[in-house]
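In: Got a predicted structure here, sequence first:
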Amino acid sequence: MKFFNLITTAFILISFETRADIFSQTFGDDTPDRGQVIVERPVDITGSYKERRGTHGGLFSINYEKYNPLDYASQFLNGGYIENITSSTQIDLVSGELGYKNNFKLGSAAILLGYARGSSSPSGDASMNKDRKLTLARTSLSANFALDAIFDEPYLVPYVQGGIYHFNVTEKKAADTLSATSDYAFNYRFGVLFQLNWIETAIDSSTQTDGLRSSGLQNTYIDIYYVDHLAASGATDPAVANSNGTVNMRSAGELGVGLKIEF
């Protein structure tokens, strides 16, 4: 009997605590016309970037770079390299990146997914190879670390970035086409972002506030960077005669420029 009374008492206490907790959240069942009120601290969108930014953000960028595949061997020309195919050592790549960023005290870390495409054909004076064309498509996954919260406004933001990439390559000779895919390999990049918000603020101080209200646009940057692609472990080695492997997309290191938007 004592055990039964103890269980009954415990059940009543637990029930009371549960009802009390529910009452505290819903203001009781006897006042159905009263809703729960949640008070949140408003974000001052007129404050500085360091004050108004949240924990999470998004990035989108469009970039341009001149890619120099040093060790790409022609699929048609035995012993031929990029300059033998297109009469140039560089291919114009236009790329886009989309990513998520996590903000912390002094900077941010981001994960970025990228896609780039470009092609090159011989110039008009290279008549012997005028029927050739090389087309590249690059996909990449990168991690980025940026010091964008050292000051109240990110007028100048240094960053480093590294990740993996691979290329789909299409080489055309007249009516014949050959395709190849590189192995995944590492690339790295470092650069500086130059904030453009101050320009629009100088013209019209309400422009930035309107952008924050309508789309959540935090910053617009010009991105100037250096990027280098390393060779994959299974790629052909130009220093070894008759080397077998996947296409080698190692680069000489290039400068690039882009437009980056932060939300």
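Out: Sure, I can see it.

In: which one is the residue nearest the centre of the chain nearest to, not counting chain neighbours?
Out: The chain has residue 112 as the residue nearest its centroid, 2.6 Å off, counting by CA atoms, centre = their mean. Excluding its sequence neighbours, the residue lying closest to residue 112 (CB to CB, 6 or more residues apart in numbering) is residue 99, at 3.6 Å. C-beta here means a position set from N, CA and C on the backbone, and glycine is covered the same way.

In: Thought residue 59 was touching that neighbour, still the case?
Out: Yes - assessed by CB atoms under 8 Å, residue 99 is found in contact with residue 59 at 4.6 Å.

In: on that earlier part again, any idea what the residue nearest to the centre of the chain is bridged to?
Out: Listed by DSSP bridges, the beta-bridge partners for residue 112 are residue 99, residue 142.

In: do residue 169 as well
Out: residue 136, residue 180.

In: how deep is it tucked in, by neighbour count?
Out: Residues within reach of residue 169, counting by other CB atoms under 10 Å, total 20.

In: hang on, the earlier thing: what residues are shared contacts of residue 99 and residue 59?
Out: 110, 112 (CB atoms under 8 Å, 6 or more residues apart in numbering).

In: Would you mind telling me which of the two has more residues around it?
Out: Neighbour comparison, residue 99 and residue 59: the larger count goes to residue 59, with 22 against 18 (by other CB under 10 Å).

In: Could I get the phi/psi values of that one?
Out: When read as degrees, to the nearest 10, the backbone of residue 59 gives phi -130, psi 140.

In: That one contacts residue 97, doesn't it?
Out: Yes - here residue 59 reaches residue 97: they are 7.0 Å apart, a contact under CB under 8 Å.

In: With adjacent residues omitted, what lies nearest to residue 176?
Out: residue 76 (7.4 Å).

In: That neighbour belongs to a strand?
Out: No - under DSSP: H, G, I helix; E, B strand; the rest coil, residue 76 falls outside any strand and is assigned coil.

In: picking up where we left off before, residue contacts, the residue nearest to residue 112?
Out: Counting by CB under 8 Å, 6+ apart, residue 99 makes contact with 58-60, 110-113, 144.

In: Dump those to a markdown table, plus distance to residue 136 and pLDDT.
Out: Converted to a markdown table, the contacts of residue 99 look like this (distance: CB to CB, whole Å; pLDDT from 0 to 100):
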| residue | distance to residue 136 | pLDDT |
| --- | --- | --- |
| 58 | 27 | 97 |
| 59 | 24 | 98 |
| 60 | 22 | 98 |
| 110 | 25 | 99 |
| 111 | 24 | 99 |
| 112 | 19 | 99 |
| 113 | 18 | 99 |
| 144 | 23 | 99 |
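
In: Tell me where the stretch 51-200 of the chain has strands.
Out: 56-67, 91-103, 108-120, 132-146, 156-173, 176-181, 185-195 (DSSP state E, counting those that start in this stretch).

In: quick revisit: quick check: the gap between the residue nearest to the centre of the chain and residue 119.
Out: For residue 112, the distance to residue 119 (CB to CB, to the nearest Å) stands at 24 Å.

In: Surely residue 93 and residue 114 touch.
Out: No - applying CB under 8 Å, one finds residue 93 not in contact with residue 114, separated by 10.5 Å.

In: Give me the common contacts of those two.
Out: Common contact partners of residue 93 and residue 114 (CB under 8 Å, 6+ apart): residue 138.

In: is it true that residue 261 touches residue 97?
Out: No - contact criterion CB under 8 Å: residue 261 and residue 97 do not qualify, at 10.5 Å.

In: Looking at these two, which is more packed in?
Out: residue 97 (22 against 16).
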